[in-house]
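S.K.: Generate a structure from the sequence data that follows.
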Amino acid sequence: MSDTPEVFDHLELAGPEPVEAVAAVGGHPLHPLVVPLPIGSFVGAFLCDLAYVRTQDAFWARGARVLTGAGIVTGLLAGSLGALDFTGRRQVRAHRAAWAHAGGNLTVIALSTVSELARSRNTRVVPAAAMALSATSALILLGTGWLGGELAYRDRIGVIRG
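M.R.: Model (predicted):
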């Protein structure tokens, strides 16, 4: 028995042929499973920075530092899984958006590492440089997240073959 009603039997999927993920378990791609972790951490760090500006409470400075560190660690994991798909599938590398997505996310990891180093000097305050790096990272993630969604949903990269 089919998963779809008979009324849809005459329809074919439009769009490019799907490109399966290299980093997958049982056909389920791992990169999209992990990417919410660094995105949430980096955006959360930026929000903590904003809360610190408003309150000058050291709680928010510590929160931003912890979230920045978590973003770096989980970003390296997500990036490693994405790199397996990127290097393992020629069809992925053929997309300029995939290059921009990877390059932008590497930039976020680099900026966040510098931000984390700046934050480690005094954990009770948020240095202006760290805050600027956090804001820049959040803005870059808006673009790279969009590109990642386009690659998955429009270009069908890293999906389960139906």
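S.K.: CA atoms for contacts and neighbours, from now on please.
M.R.: Will do.
S.K.: number of nearby residues for the closest residue to residue 123 other than its chain neighbours?
M.R.: With CA to CA, 6 or more residues apart in numbering as the criterion, residue 123 has its nearest non-adjacent residue at 5.9 Å, and that residue is residue 62. Neighbours of residue 62 under the rule other CA atoms under 10 Å: 22.
S.K.: Now do residue 62, the pLDDT please.
M.R.: Residue 62 is assigned 97 on the pLDDT scale.
S.K.: My read is that it contacts residue 121, right?
M.R.: No - between residue 62 and residue 121 there is no contact under CA atoms under 8 Å: 11.8 Å.
S.K.: which neighbours do those two share?
M.R.: Shared contacts of residue 62 and residue 121, defined by CA atoms under 8 Å, 6 or more residues apart in numbering, are absent.
S.K.: Just give me the longest helix of this structure.
M.R.: Counting residues, the longest helix found in the chain (DSSP state H) is helix 58-88.
S.K.: And the strands in this structure?
M.R.: 24-25, 28-29 (DSSP state E).
S.K.: ok, back up a step: give me the distance from the longest helix of the chain to the chain's centre.
M.R.: 8 Å (CA atoms, centre = their mean, to the nearest Å).
S.K.: distance of the residue nearest to residue 123 from residue 56?
M.R.: For residue 62, the distance to residue 56 (CA to CA, to the nearest Å) stands at 11 Å.
S.K.: Also residue 131?
M.R.: 13 Å.
S.K.: neighbour-wise, which of these two wins?
M.R.: Using other CA under 10 Å, the more surrounded residue of residue 131 and residue 56 is residue 131, with 22 against 15.
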